[in-house]
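Asker: Curious how this folds, go ahead:
(3 chains)
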Amino acid sequence: MRKRRKWIALGMAAALMLGCFAGCGNQENDGTQGNDKETQEEGGEQGDESTAPDTSEHVDLVCYFLGDPPDDIQKVQDKINEILEEKINASITFQFTTWTDAGSKYSMVLSGGENCDIIYTAPYIGYYDFMDKDAFLELTDLIDQYAPELWDAVGERFFEETYIEGELYTIPNNYTEYTTYGISYREDLRKKYDLPVPDSMENLEAYMAGVKENEPDMQILNPQCAEYLVKLDRALAYDKYGLQIPYNDVHDIQNYWGSDQQIADYKKLKEWVDAGYWPVDAIGSSSQDPLVDFESGQTALLLGGNNFSKYLNSKVKMAEQNPEWEIAYVDNTKFNGVTYPAAPYHNGIAIPTNSLNPERAMMAISLLYTDEELNHLLMYGIEGEHYTIDENGYYVEAENNAAYGYEASNAWNFRNTALMLERSSQQELSDYYKEMDAVASQTVTPYVNHEEGFNCVITENTVAETTINALTQEYLTPLEYGMVEDIEGQVAAFMEKAEEVGLSDLQDEVITQWNEYLESKGY
Amino acid sequence: MKNKKTKIMIKSQRRFDIATYPFLSLLTLVCVLPFLLILSGSFTANDVIVREGFSLIPKSPTLAAYEHIFETPQKILNAYGVTIETTLIGTGIGLCLISLAGYVLSRKEFRYRNQVSFIIYFTSLFGGGLIPYYYVMCGILKLKGTLTALWLSGIMSPFLIILMRTFIRQSVPDELCEAAKIDGAGHGTTFLKVVLPVLKPALATIGLFLALGFWNDWYRSSLFSINSSTWTLQFYLYNMVNKATSMRDLALEAGITIQDMPTESVKMAMAMLATGPVLLVYPFVQKYFVSGITVGAVKG
Amino acid sequence: MKKKRKRGFLWDLRKNWILWLFLCPTLIFFLINHYLPMAGVYMAFTDFNFKGGIFGSEFVGLKNFEFLVKGNVLGRLTINTILYNLVFIVLGNIVQLLVSIVISQISGKRFKKTVQTLILMPYFVSYVVLNVVAYNLLSYDNGLINNFAVNVFGGERLNFYTHAEWWPFILVAFYIWKGLGYGSVVYLATITGISQEYYEAAKIDGASTIQQIRYITLPALKPTCIMLVVYSVGGIVRGQFELFYQLVGENGLLYSTTDILDTYIYRATLNSVNYGMTTAAGLYQSVLGLVIVLLVNFMIRKTEPEYALF
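Answerer: Residues are numbered from 1 along each chain as shown, chains lettered A, B, ... in the order given. Below is the predicted model of the structure:
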């Protein structure tokens, strides 16, 4: 009895605590609601009085970027604030997620743990997922009201591609880059052993076999690249959950998992590993990085995550460290004739739902994007201190460049082609982009990046999705490394398990969304 | 008679030593060998590691990894400073609170000791996840960017409190406290004069665990820093490696200049830099929990 | 008896106010740092969105738990997790006990200090680096073990990375190796706390070293040992994610013996932002852990009330 009493007392204490944090929770909600109201009221008043937005009250904005801050960010921030104070009576603080755990930091910042008014978005750090969970504000009205000049400054075409079912959650930018994959390979070895240029599947295999024959100790490629290599001759607009959709025929949805093609692909990979193109237990070493392997001369070719600008980097680096090595690049358009640029919202600017000052944030975005002085401060730092502009209009590193280099604030989402400073070393890259432009204009849907554009968020079959994610790694990853003897058996086992947990339902959901996507965009 | 017994005893000790010396030596070797691999790795050029793997003696030794880490010395010195500061503050405060709590929970006269222990233990089982934790730290307590955020969450853990409780129960018999009580000592005096003095090994152990926790922590620094002024040593190193890999992972991101960094050897150098200072300080703490048993010499 | 019953919490608070004062900072700490965020477990029952926050999101009942049940993996994974942890706890403690007793009894002072310092070193090897160490030991072409087996014994090379049956041993070995130095500190400290008089008396009686260990050291270590074991039982459903993730990684061929709850949850939710599901999985582990630890604690209370955790 006495014991029970004690527990009751403690239970009550616990209930009190619960009440306390439930209270906190409510407060949290009340707080944001209150703010919403305030902002709405503010907006209302402005609408009534005049078209000029009310900036009488000073606000502090917080703007988040990905990655590490440059050393001189405080200095640049002060300069930017001088101008912003004057123009819109606001100051801005730039914050950075650092490179560690950026994804989970996004969740925490966006969930309202702290103020954040402007944030960098990109599909590869979960833009669609966050958008789907109401993390960002719809921007059309805000732009109309507070930054109409943005429509023209960015350009209509870019906005059009960014709209999803009539809603806009991130501001695109108008700098077009081509980042489709290509092969970097050791040209010196090719010359030495008189091998063909790997610009078709046949030549590629001949090249790999030739290198292995003459350099038996050399690893040909990192297995993480292998899967891409096998699929190189197919230009796919979509490739997930066993569905493959060719870029040039977006209505032809193919089932890849369980198909003969898939088995043939895995057989090819097995052949390669048997030929010694990579170590049979390579999967065990997590530190292997295809790029590092290639640049240090361990492997003879590189694909997967490799694009032209990376090739240029490797070239400079390898020429410095091992001048006797020579590398060359084959674009994947040689294999499949398709390329497309990164989507315009690949780097985007969004305003979080929990922002306390969305209006002022929008004004600040507009100024940072369109005002030359502000834009240059943000992108390149202080002229004369961090950089200078030469007589041809090129960007030149200045004395203190290390403290704020070219685009060191990682503000890639504020790139404005009208204001952008180019570096003379970028010439080769711009030439390549022009070349790619020509190819991209010839495709069925010119310039469209389905890969980033198709916003597929599974809502019906989330359980199947998670289970299949887990199964894929268990069954298919070893196949991709060429570690499995019984390929057919492994694929069949995978298919059985996947069907069991609802693969076809999941695929149906993807197909429905895909068709809706095609329809809404008119492809 | 006594002499004979002593002889037997010494003999037995010798036999024990003969049996256990090889065992301990082998064990130590197993613990140290991989570390030598790491040490050698930190002095090897990165592309040699990638191409040829690790070896016990570095092929073509180089200081590149350390040079890279110490490229901006003021930053890393600052990081050392932050780590030392949080370790000292956190360990100090933590030790005080943990020993107080351990003392109360070990007293039989404290009726609610089991319930309170449960309340504390319960937190090791259930957690709300990161988002609510971050909300409490930054939204409610407003600790983002402060040094406090770096040590606050680490000062206590259910494990250390219960460990302390066990230590006190064992080394401070109830009679001792009773005696103090009869002498008119309050809990404050008993704690300071009776309990603390016999608690040295416990304090050393828990202090060591706390300090190691703070020393190795990069996560709080990663979560709560606004700028590099509150980066701890571990986070500084960790983020450096992450930066290099993230930059590479931004596969689609053209136009980024990729920093050239000896990733593999830097990882190894990190392990060395993190361990080094601890190996230097450890022997000083060690004397509190290894000197205990005197062997061989027998009185009378 | 009746009188005593009336003396409730407030009475104790007044009588023992100084003890409560000692506890005060600790209780406040756990309230703020642990109990406040604990409200977040509610996310396990909602479809989280950023607008509504933790309490304003849509309530979806047990939907977030479904992915655990589907595919019939929950039972197998739970058992795997518990078995691994059981071995980690039991074997880990035995080895730590053994080593700390030997260290404390061995006669060379400098030797014992050196050993104790050096066995702490693996604790500082992060799991990322551990992967490197493991690969250097186990790799097919250049691994130390394979080289050794071939060169010394003329055996055949073995590809560890396709043989799942070896991995429980490998994982246990690495786990024990890494925690050895850290774990034995507690035992060493406890041994130090044993009054010297006992040993002196034993020596005078001519007790051998083994006898001293048997009759003095071991009984004195019992409470600590039980405490450590019972304490870790609460976490028995929570796997050593980092260890498994870094050593096994994405090698599906090894999952038949190495898949635990935490790695499965990680794999399943990797490609999406899904706070509900991860929280739900965590909640499952917590509740199961709680049930187990309450059971164990109950049994200990019945038999040896002194050693109960609470």
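Asker: where are the low-confidence patches of the stretch 1-150 of chain C?
Answerer: C:1-6 (pLDDT under 70).
Asker: can you give me the helices in the stretch 151-300 of chain A?
Answerer: A:156-162, A:187-192, A:201-214, A:223-230, A:260-274, A:290-295 (DSSP state H, counting those that start in this stretch).
Asker: Number of residues surrounding residue A:470?
Answerer: By other Cβ atoms under 10 Å in any protein chain shown, 26 other residues sit near residue A:470. (Each C-beta comes from the backbone N, C-alpha and C, glycine too.)
Asker: from what I can see it touches residue C:268, true?
Answerer: Yes. Between residue A:470 and residue C:268 there is a contact at 4.4 Å, judged by Cβ atoms under 8 Å.
Asker: For burial, what's the neighbour tally of residue A:251?
Answerer: 10.
Asker: circling back to that earlier point, take the helices of the stretch 151-300 of chain A and lay them out in JSON lines including mean pLDDT, mean neighbour count and distance to residue B:237.
Answerer: Converted to JSON lines, these look like this (pLDDT from 0 to 100; neighbours: other Cβ atoms under 10 Å in any protein chain shown; distance: least, Cβ to Cβ, whole Å):
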{"stretch": "helix A:156-162", "mean pLDDT": "90", "mean neighbour count": "15", "distance to residue B:237": "39"}
{"stretch": "helix A:187-192", "mean pLDDT": "95", "mean neighbour count": "16", "distance to residue B:237": "36"}
{"stretch": "helix A:201-214", "mean pLDDT": "94", "mean neighbour count": "17", "distance to residue B:237": "37"}
{"stretch": "helix A:223-230", "mean pLDDT": "88", "mean neighbour count": "22", "distance to residue B:237": "25"}
{"stretch": "helix A:260-274", "mean pLDDT": "95", "mean neighbour count": "16", "distance to residue B:237": "35"}
{"stretch": "helix A:290-295", "mean pLDDT": "86", "mean neighbour count": "24", "distance to residue B:237": "18"}
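Asker: Make TSV out of those helices and add distance to chain C.
Answerer: Compiled in TSV, the helices of the stretch 151-300 of chain A are given as follows (distance: least, Cβ to the nearest Cβ, whole Å):
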stretch	distance to chain C
helix A:156-162	20
helix A:187-192	22
helix A:201-214	15
helix A:223-230	10
helix A:260-274	12
helix A:290-295	14
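Asker: Tell me who's in contact with residue C:296.
Answerer: Residues in contact with residue C:296, defined by Cβ atoms under 8 Å, 6 or more residues apart in numbering or on different chains, are C:230, C:233.
Asker: Could I get the buried residue list for whatever helix or strand it lives in?
Answerer: Assigned by DSSP states H and E, residue C:296 falls within helix C:275-303. For helix C:275-303, burial by neighbour count (16 or more other Cβ atoms under 10 Å in any protein chain shown) applies to C:275-286, C:288-290, C:292-293, C:296-297, C:300.
Asker: Which residues are in contact with residue A:74?
Answerer: Residues in contact with residue A:74, defined by Cβ under 8 Å, 6+ apart, are residue B:227.
Asker: which secondary element of chain B has the worst mean pLDDT?
Answerer: helix B:46-52 (a mean of 79; mean pLDDT, DSSP states H and E).
Asker: near chain C at all, it?
Answerer: No. Residues of helix B:46-52 contacting chain C under Cβ under 8 Å from any Cβ of the partner chain: none, with a closest distance of 8.5 Å.
Asker: Beyond that helix, next helix or strand please.
Answerer: On the C-terminal side of helix B:46-52, the closest following helix or strand by DSSP H and E is helix B:64-69.
Asker: how near is residue A:463 to chain B?
Answerer: Between residue A:463 and chain B the computed distance is 20 Å (Cβ to the nearest Cβ, to the nearest Å).
Asker: Give me the pLDDT value at that residue.
Answerer: You'll see residue A:463 listed with a pLDDT of 87.
Asker: same question, the one 10 residues further on
Answerer: Each residue has a pLDDT score; the one for residue A:473 is 90.
Asker: List the residues that contact it.
Answerer: Shown in contact with residue A:473 (Cβ under 8 Å, 6+ apart): C:250, C:252, C:267.
Asker: Helix, strand or coil: sort out the first one for me.
Answerer: The three-state label given to residue C:250 by DSSP: H, G, I helix; E, B strand; the rest coil is coil.
Asker: what's the burial count for whatever residue of the stretch 201-350 of chain A ends up closest to chain C?
Answerer: At 3.8 Å from chain C, residue A:281 is the closest residue in the stretch 201-350 of chain A, using Cβ to the nearest Cβ. The number of residues packed near residue A:281 is 21, by other Cβ under 10 Å.
Asker: what sits against it?
Answerer: Here residue A:281 is in contact with A:483, C:138-140, C:159-162 (Cβ under 8 Å, 6+ apart).
Asker: What are the boundaries of the helices in chain B?
Answerer: For chain B, the helices defined by DSSP state H occupy B:2-42, B:46-52, B:64-69, B:73-106, B:113-125, B:130-134, B:148-152, B:158-171, B:174-182, B:187-189, B:200-216, B:219-224, B:233-249, B:263-290.
Asker: does the first one come close to chain A?
Answerer: No. Residues of helix B:2-42 are not located near chain A by Cβ under 8 Å from any Cβ, the shortest gap being 10.8 Å.
Asker: Now do that helix against helix B:263-290: the angle between them, please.
Answerer: Orientation of helix B:2-42 against helix B:263-290 (axes from the mean of the first three to the mean of the last three Cα atoms, to 10 degrees) gives an angle of 160 degrees.
Asker: Run through the neighbouring helices and strands of helix B:2-42.
Answerer: On a contact count with 3 or more Cβ pairs under 8 Å, 6 or more residues apart in numbering or on different chains; DSSP states H and E, helix B:2-42 meets helix B:263-290, helix C:74-105, helix C:109-118, helix C:127-138, helix C:167-193, helix C:196-204, helix C:209-212.
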